[in-house]
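> following is a predicted model, sequence given first.
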Amino acid sequence: MTSPQSVAIVGGGMGGFSTAHELRHRGYEGPITILDPFGAPYDRPPLSKDYFLQERSAEDIQLIKSEWYAEHNVTVLAEKAVSIHPNEGVVVTEADTKVPGEVIVLATGGVARKLHIPGNDLDTVLQLRTKEDADKLREAIAGGKRLTIIGAGLIGAEVASSALKHGASVTLIDPSETPLVPAVGETLAKRLHAMHTEKGVTVVRGIPTEIFVDQDGTNVRTEDGETYAGDVVLVGIGIIPLTDLAEDAGLEEDNGTLVDEAQRTTHPNVYAVGDSSRTRLRDGTLLRRAEHWEHAMNTGKTAAAAILGQDLPVHSAPWFWSDRHGVHVEGVGAMWTEHGETVIREVDGVPVAAFRLNENGELVGCAAIDDALAVRAARRIIDRKITVDPAQLADPTINLKKLAK
């Protein structure tokens with residue numbers, strides 16, 4: 001199929017928007033509908049940072065100016081899709097609107113993973129996935145309230161930093177001694193996690209077993225019997241991909257809607273992109289499901305090309321970023337491989353970058369603190385499969401850009 005009569009995109013995150021934008025960029029002229037109960041697509045990373053701190057408004061985080069949709073004949077329908085019918089080319093919404101989609105793209109994202117412990121459904125136990133969630137959390141901790149965060153991954157760490165700036169006192173609970181090791185390597189992960197304590201966050205290593213309310217507020221009890229009092233609890237322990245529509249339509253899923261390298265599902269007229277998709281290679285190998293902003297954007301671009309029967313774009317090694325406690329963190333590639341070694345670059349005895357080499361000595365991953373240029377150069381080295389000397393990677397006087405040529 002090189003030019004479907006219509007395209008219906010279920011989900012208005014980066015993956016859904018990227019698909020629509022790329023379809024128009026590649027010359028598709030048919031009608032496109034984006035269905036999302038929250039309306040026009042907006043950027044999610046600011047929800048834990050500058051939007052939460054009201055440094056950017058709701059309008060500021062729109063993925064594109066609202067005029068673009070009308071100018072490019074893209075309809076945004078603020079309704080929830082409840083079923084897809086790919087054989088008939090229709091998506092049905094909760095309001096019983098029937099949206100035409102000869103091709104259907106599932107960009108459904110995920111929902112916040114819940115703790116299955118007593119008290120997880122209390123009104124003072126919150127999550128962070130939407131603008132409304134960010135607004136609710138900001139209001140809940142106003143006036144120096146006590147916030148207990150369960151989960152010290154990217155979201156938990158970013159909210160801990162933002163909440164401190166907002167005037168809250170923060171307790172951060174995680175079962176891991178050093179969170180984020182798979183993302184940035186052990187050395188940088190230790191430095192980043194130590195920043196919480198340095199900035200005034202109470203850091204707890206523990207497994208929550210109960211959340212309860214008493215005269216002290218909303219409390220979290222951990223496996224060792226300790227209790228941590230607060231006013232509000234934020235659970236940030238990852239997401240569960242939304243695959244209900246895919247499953248109900250008979251599509252295969254396994255911790256995500258299964259797609260091939262063109263983002264095509266097991267139905268030829270249905271594609272899936274972003275957090276809710278998971279790639280299955282031709283030999284049956286299942287890749288790890290990715291949840292990063294750039295991955296959502298890239299899978300949308302790939303789906304658009306495939307829908308139009310055009311050559312698929314070639315993407316660079318996967319990249320992510322995070323901001324907390326005044327530092328900027330970036331990572332590219334795979335920092336956690338079964339075999340290989342990690343090379344650390346230090347400046348004045350402080351680790352600033354980590355490089356992961358595989359068993360063949362090839363660079364496969366890099367993470368850095370406040371050095372986006374190093375990560376950019378490492379990405380080129382990874383993409384081009386350039387062989388580099390580990391000693392040069394460790395030497396802070398050597399410009400990585402020169403190694404990437």
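Right, received. Where do you want to start? Numbers count the residues shown, from 1 in each chain.
> C-alpha only now, for contacts and for neighbours.
Fine.
> show me what counts as buried in stretch 372-380.
With burial defined by 16 or more other Cα atoms under 10 Å, the residues of stretch 372-380 counted as buried are 372, 374-380.
> kindly report the same for stretch 332-340.
Those would be 332-336, for stretch 332-340 by 16+ other Cα under 10 Å.
> go on, stretch 27-44?
For stretch 27-44, using 16+ other Cα under 10 Å, the buried residues are 28-29, 31-38, 40-44.
> flag the shaky bits of the stretch 101-250 of the chain, pLDDT-wise.
Applying pLDDT under 70 to the stretch 101-250 of the chain picks out no residues at all.
> that one: strands as residue ranges?
Counting by DSSP state E, counting those that start in this stretch, the stretch 101-250 of the chain has these strands, from start to end: 103-106, 110-112, 125-126, 146-150, 169-174, 202-205, 208-214, 217-222, 227-230, 232-235, 239-241.
> quick one: strands adjacent to the last one?
Meaning strand 239-241. strand 110-112 (antiparallel) (DSSP bridges).
> tell me the buried residues in the partner strand?
110, 112.
> outside of that strand, which residues touch it?
Strand 110-112 has contacts (Cα atoms under 8 Å, 6 or more residues apart in numbering) with 127-129, 236-242, 275-276.
> could you redo the last one with a cut-off of 10 Å?
126-129, 235-243, 256, 274-277, 291 (Cα atoms under 10 Å, 6 or more residues apart in numbering).
> chain center to that strand, what's the gap?
Counting by Cα atoms, centre = their mean, to the nearest Å, strand 110-112 is centred 11 Å from the centre of its parent chain.
> ok, now stretch 187-196?
With Cα atoms, centre = their mean, you get 20 Å for stretch 187-196.
> for residue 61, see how far away residue 203 is.
31 Å (Cα to Cα, to the nearest Å).
> residue 316 versus the closest residue to residue 319 other than its chain neighbours, what's the distance?
With sequence-adjacent residues excluded and distances taken as Cα to Cα, 6 or more residues apart in numbering, residue 319 is closest to residue 332, at 4.2 Å. Residue 332 is 9 Å from residue 316, where distance means Cα to Cα.
> one more: residue 103?
27 Å.
> tell me which of these two has more neighbours.
Neighbours per residue, other Cα atoms under 10 Å: of residue 103 and residue 316, the larger number sits with residue 103, 23 against 14.
> which residues are in contact with that one?
1, 3-9, 32, 86-87, 89-90, 268-271, 307.
> if any of those residues are buried, put those into a PyMOL selection.
Buried members of those can be picked out in PyMOL with the line below, counting by 16+ other Cα under 10 Å:
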select buried, resi 4+5+6+7+8+9+32+86+89+90+269+270+271+307
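> which of the contacts of residue 103 fall in helices?
Within these, residues falling in helices by DSSP state H are residue 307.
> among the contacts of residue 103, which ones are in strands?
7-9, 32, 90, 270-271 (DSSP state E).
> now do stretch 39-46: distance to the chain's middle.
Counting by Cα atoms, centre = their mean, stretch 39-46 comes out at 12 Å from the chain centroid.
> ditto for stretch 92-110
22 Å.
> sorry, back to before: mind listing the shared neighbours of residue 332 and residue 316?
Joint contacts of residue 332 and residue 316 (Cα under 10 Å, 6+ apart) are 379, 382.
> now stretch 116-130: buried residues?
By neighbour count with 16+ other Cα under 10 Å, stretch 116-130 contains the buried residues 119-120, 124-129.
> and the furthest pair within those?
119 and 129 (20.0 Å; Cα to Cα).
> residue 393 looks like it's in a helix, true?
Yes. Looking at residue 393 with DSSP: H, G, I helix; E, B strand; the rest coil, it is inside a helix.
> who touches it in this structure?
So residue 393 contacts 343-345, 353-355, 363, 374, 378, 399-400, 403 (Cα under 10 Å, 6+ apart).
> repeat for residue 87
Contacts of residue 87 (Cα under 10 Å, 6+ apart): 101-103, 249, 267-270.
> pLDDT on stretch 373-387, on average?
Taken as a whole, stretch 373-387 carries a mean pLDDT of 95.
> pull it out as PDB, backbone CA atoms only.
The C-alpha atoms that make up stretch 373-387 are tabulated as PDB, following Å, rounded to 0.1, in the frame of the first residue of the first chain:
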ATOM      1  CA  LEU A 373      29.300  17.200  23.000                       C
ATOM      2  CA  ALA A 374      31.000  14.000  24.200                       C
ATOM      3  CA  VAL A 375      27.800  12.000  23.900                       C
ATOM      4  CA  ARG A 376      27.300  13.400  20.400                       C
ATOM      5  CA  ALA A 377      30.800  12.400  19.400                       C
ATOM      6  CA  ALA A 378      30.400   9.000  20.900                       C
ATOM      7  CA  ARG A 379      27.200   8.500  19.000                       C
ATOM      8  CA  ARG A 380      29.100   9.100  15.700                       C
ATOM      9  CA  ILE A 381      31.800   6.700  16.800                       C
ATOM     10  CA  ILE A 382      29.100   4.000  17.600                       C
ATOM     11  CA  ASP A 383      27.200   4.600  14.300                       C
ATOM     12  CA  ARG A 384      30.300   4.500  12.200                       C
ATOM     13  CA  LYS A 385      31.900   1.600  14.100                       C
ATOM     14  CA  ILE A 386      35.100   3.400  14.500                       C
ATOM     15  CA  THR A 387      37.800   1.700  16.600                       C
END
